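A.B. asks: Test case, fold it:
(one chain, ligands or ions: 1)
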Amino acid sequence: MANIWKPSLQQYVADLFKREQFTSFLDIGCGYGKDLKYFKEQFKSIPNCRFVGIDKLERAISSACENYSRDGLEFYTMDAADGLNFSEESFDIVYSMNVMECIKDKLKHIEEIYRVLKPGGQAVCCHCDWDSVIYNGENKEHIREILNKYSNWKQPWMDDADSWMGRRLWGVFNSIKIFSGEVRIFNIIETDFSERSKGWDMVKEIGYMVQAGVITKDEYDNFVCDIETASRSGEYLHVRPIYIYSGVKI
Ligand SMILES: C[S@@+](CC[C@H](N)C(=O)[O-])C[C@H]1O[C@@H](n2cnc3c(N)ncnc32)[C@H](O)[C@@H]1O
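C.D. replies: The predicted structure follows:
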């Protein structure tokens, strides 16, 4: 595949972890558990390292358990907005990807992350800035409108939505001064519109807005047609910036 976003996002994030202190890892909003499985593989040389994933979606946790429990990963159904049901100082690393926007009380959530982290533990919180996602195509206004509707779409499983969550990550963590951190951006840049690409996944997700009544089928078809035309003519480009806050508990 001709995608040019190498090394992968997961690898980029894995390289940020402070390995020497790392014997327990929590993934908040782990979904179907793919990231956790990846990190477990990456760090298999660390003995007795605990990898725990939580998500409020029961079907995601059932699937994660079915696929990965035998690999020693732990999964629990839990709503992080109600607090993290772990005792204090349980984890060396707390990680999340594209979850923070769904949680209404973000400061309370960050305090919970702080509470369950061991002294000197690390929070690695990643979030796409949905308002900065781009697709190239012919009809600028239409693409803009569809992407705008997608970034503002609060899906049924979300308690909150914020299309600026990526750029706000730094601010929400930094405002309460309980972590010493920094912010980075990983850009996913794709020139290939193919089934295994992020751009393809997102076009599929945008399609769910038709069923939800947010856009019409015609609007969606026109959008897809524009993207496919760009792909055929060699002009396709999809860029998705992932903001990454990495902070140490102080
Ligand atoms: C966009 S998905 C990201 C999944 C996974 N982190 C990934 O990157 O593939 C967001 C996930 O967060 C979960 N989620 C949303 N709000 C949550 C909450 N309050 N507590 C726990 N999980 C939540 C959703 O169920 C969903 O699996």
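A.B. asks: I'd like to know how many residues surround Ala161.
C.D. replies: When neighbours are defined as other CB atoms under 10 Å, Ala161 has 14 of them. (Each C-beta comes from the backbone N, C-alpha and C, glycine too.)
A.B. asks: From the ligand, how far out is it?
C.D. replies: Between Ala161 and the ligand the computed distance is 10 Å (CB to the nearest ligand atom, to the nearest Å).
A.B. asks: what's near enough to touch that residue?
C.D. replies: Applying CB atoms under 8 Å, 6 or more residues apart in numbering, we find Ala161 in contact with Glu101, Cys102, Asn152, Trp153, Lys154, Gln155.
A.B. asks: Who are the contact partners of the second one?
C.D. replies: When you say that, I think you mean Cys102. Contacts of Cys102 (CB under 8 Å, 6+ apart): Gly29, Ala81, Trp157, Met158, Asp159, Asp160, Ala161.
A.B. asks: secondary structure class for the fourth one?
C.D. replies: With DSSP: H, G, I helix; E, B strand; the rest coil as the basis, the three-state label of Met158 is coil.
A.B. asks: tell me the pLDDT at it?
C.D. replies: For Met158, the pLDDT comes out at 97.
A.B. asks: do the same with the second one
C.D. replies: Reading off the per-residue confidence, Ala81 sits at a pLDDT of 98.
A.B. asks: and it, how many residues sit next to it?
C.D. replies: Neighbours of Ala81 (other CB under 10 Å): 16.
A.B. asks: in what helix or strand does the closest residue in space to Tyr38 that isn't next to it in sequence lie?
C.D. replies: Nearest residue to Tyr38, sequence neighbours excluded (CB to CB, 6 or more residues apart in numbering): Gln10, at 4.9 Å. Assigned by DSSP states H and E, Gln10 falls within helix 9-14.
A.B. asks: got the contact list for Phe223?
C.D. replies: Residues in contact with Phe223 (CB under 8 Å, 6+ apart) are Gly137, His142, Ile143, Ile146, Val203, Ile206.
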